[in-house]
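Undergrad: give the three-dimensional model of this entry:
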Amino acid sequence: MKRLRKAVFPVAGLGTRFLPATKAVPKEMLTVVDKPVIQYVFDEARAAGIEHFVFVTGRNKGVIEDHFDIQDELQRTLEQRNKGAALDILSASLPEPGQTSFTRQQSPLGLGHAVWCARHIIGDEPFALLLPDMVMQDDKGCLSRMVEVYNNTGGNVISTEEVAPQDTYKYGIVGKGEDTAGGFKITEMVEKPPLGTAPSNLIINGRYILQPEIFSILENQQAGAGGEIQLTDAMLTLAKEQDFFGFEFKGRTFDCGSKEGFIKANVAYAMQHPEMATSLRPELLDLLAEIKPAR
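TA: All right, here's what the predicted structure looks like:
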């Protein structure tokens, strides 16, 4: 079993649900309190021991590459003004030299295709896949806990979380088998099952550890739902030959690809921010008290 060293971030999406905000700014660079969404996901991967960060980008995404680079003029200005705290924040957000790679997904052919675009950089190694819209809030990162499962089980590991049974038709669902060290054996995977037919109420929530054999499957994968190359279809094929294990995440997940999830994330992280929480709480309560229920 090879150690997990690399992670893939598919950041080529257009962000149409946030127009006009995302007309010139990538959705991954929209801020939750004082950090871009992509920074939260990057930090989660780094805390899990990831050493090489692979970004699958598209057009107008150059600002993401700039974000993870040094800005000499800004640093010099902060140094001249003795802004040590701001310099520390910038330094903490950066990867080490040579730790990032950027590759293009020229056409929007789906998540499976975006993963496939990283094949030459990942090579013959397991890799983590983190969907950049999904921000996880917990005392320990979701991927860090998944790595603990992976170190005990090997194979492929998928993060899951519970939803109300009546909502399972909206998501990819896994079947839960026997317990393993920190996780469970996945018995099946179903994409958006009809209401009442789901094998469980555990949804796939945007974090994966996958073996490199997935690339050869994606190479020949036919387009599925929506005319796109679906990662779930490739995982179903891989599951015929390799074990898949589930990890049940107990923290909070914010889908920052939706307006509602993005606002929830801002409120949740603001309430944990040392400079904001105390003053913000009464303001939020006042706002809620003033809002009249919708009829």
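Undergrad: quick check: V267 touching L284?
TA: Yes: counting by CB atoms under 8 Å, V267 touches L284, with 7.1 Å between them. All C-beta spots, glycine's among them, are computed from the backbone N, C-alpha and C.
Undergrad: count of residues packed around R104?
TA: The number of residues packed near R104 is 13, by other CB atoms under 10 Å.
Undergrad: what sits against it?
TA: 12, 56-58, 117 (CB atoms under 8 Å, 6 or more residues apart in numbering).
Undergrad: tell me how far the helix or strand harbouring T103 lies from the chain's centre.
TA: Per DSSP states H and E, T103 falls inside strand 100-104. Relative to the centre of its chain, strand 100-104 is centred 16 Å away, using CA atoms, centre = their mean, to the nearest Å.
Undergrad: how about the spatially closest residue to I217 that is not a sequence neighbour, secondary structure?
TA: If the residues on either side of it in the chain are set aside, I217 comes closest to A234, at 4.5 Å by CB to CB, 6 or more residues apart in numbering. The local conformation at A234, judged by DSSP: H, G, I helix; E, B strand; the rest coil, is helix.
Undergrad: measure A234 to D243 for me?
TA: As judged by CB to CB, to the nearest Å, A234 and D243 stand 16 Å apart.
Undergrad: comparing those two, which shows the higher neighbour count?
TA: A234 (25 against 15).
Undergrad: residues contacting that one?
TA: Here A234 is in contact with 112, 214, 217-218, 221 (CB under 8 Å, 6+ apart).
Undergrad: quick one: furthest residue from the center of the protein?
TA: Q80 (36.7 Å; CA atoms, centre = their mean).
Undergrad: flag the shaky bits of the stretch 101-250 of the chain, pLDDT-wise.
TA: 225-226 (pLDDT under 70).
Undergrad: just the helices in it please.
TA: 111-116, 119-122, 142-153, 214-219, 231-238 (DSSP state H, counting those that start in this stretch).
Undergrad: looking at those helices, spot the one closest to D167.
TA: Proximity to D167 (CB to CB) singles out helix 231-238 among these, at 17.8 Å.
Undergrad: send me that closest one as CSV with only the CA atoms.
TA: Extracted in CSV, the C-alpha atoms of helix 231-238 (Å, rounded to 0.1, in the frame of the first residue of the first chain):
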residue,chain,number,x,y,z
LEU,A,231,-16.8,9.7,-11.7
THR,A,232,-19.5,7.5,-10.0
ASP,A,233,-19.7,5.3,-13.1
ALA,A,234,-16.0,4.8,-13.1
MET,A,235,-16.0,4.0,-9.4
LEU,A,236,-18.7,1.4,-9.9
THR,A,237,-16.4,-0.3,-12.5
LEU,A,238,-13.4,-0.1,-10.2
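Undergrad: which residues of the stretch 1-150 of the chain fall in strands?
TA: Remark: strands assigned in the stretch 1-150 of the chain by DSSP state E, counting those that start in this stretch are 6-10, 31-32, 35-36, 52-57, 100-104, 127-130, 134-137.
Undergrad: can you pull the contacts of I70?
TA: I70 neighbours (CB under 8 Å, 6+ apart): L94.
Undergrad: same check on P126?
TA: Counted by CB under 8 Å, 6+ apart, P126 has contacts 2, 4, 150, 209-212.
Undergrad: in PyMOL, select just the buried ones from those residues.
TA: The PyMOL command for the buried members of the contacts of P126 (criterion: 16 or more other CB atoms under 10 Å) is given here:
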select buried, resi 4+150+209+210+211
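Undergrad: switch the contacts of P126 over to CSV; also include distance to P194.
TA: Output for the contacts of P126, formatted as CSV (distance: CB to CB, whole Å):
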residue, distance to P194
K2, 39
L4, 35
Y150, 32
I209, 29
L210, 27
Q211, 30
P212, 34
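Undergrad: out of the contacts of P126, flag the one nearest to E51.
TA: Using CB to CB, these come closest to E51 at L4, 9.3 Å.
Undergrad: name the nearest residue to that closest one, sequence neighbours excluded.
TA: Excluding its sequence neighbours, the residue lying closest to L4 (CB to CB, 6+ apart) is P126, at 5.4 Å.
Undergrad: any idea how far that neighbour is from I70?
TA: In terms of CB to CB, P126 sits 30 Å off from I70.
Undergrad: just G196 next, same as before
TA: Using CB to CB, G196 is found at 54 Å from I70.
Undergrad: before we move on, back to that, export the strands of the stretch 1-150 of the chain as JSON lines, with columns for distance to E44.
TA: Listed next are these as JSON lines, based on distance: least, CB to CB, whole Å:
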{"stretch": "strand 6-10", "distance to E44": "9"}
{"stretch": "strand 31-32", "distance to E44": "13"}
{"stretch": "strand 35-36", "distance to E44": "12"}
{"stretch": "strand 52-57", "distance to E44": "11"}
{"stretch": "strand 100-104", "distance to E44": "16"}
{"stretch": "strand 127-130", "distance to E44": "7"}
{"stretch": "strand 134-137", "distance to E44": "6"}
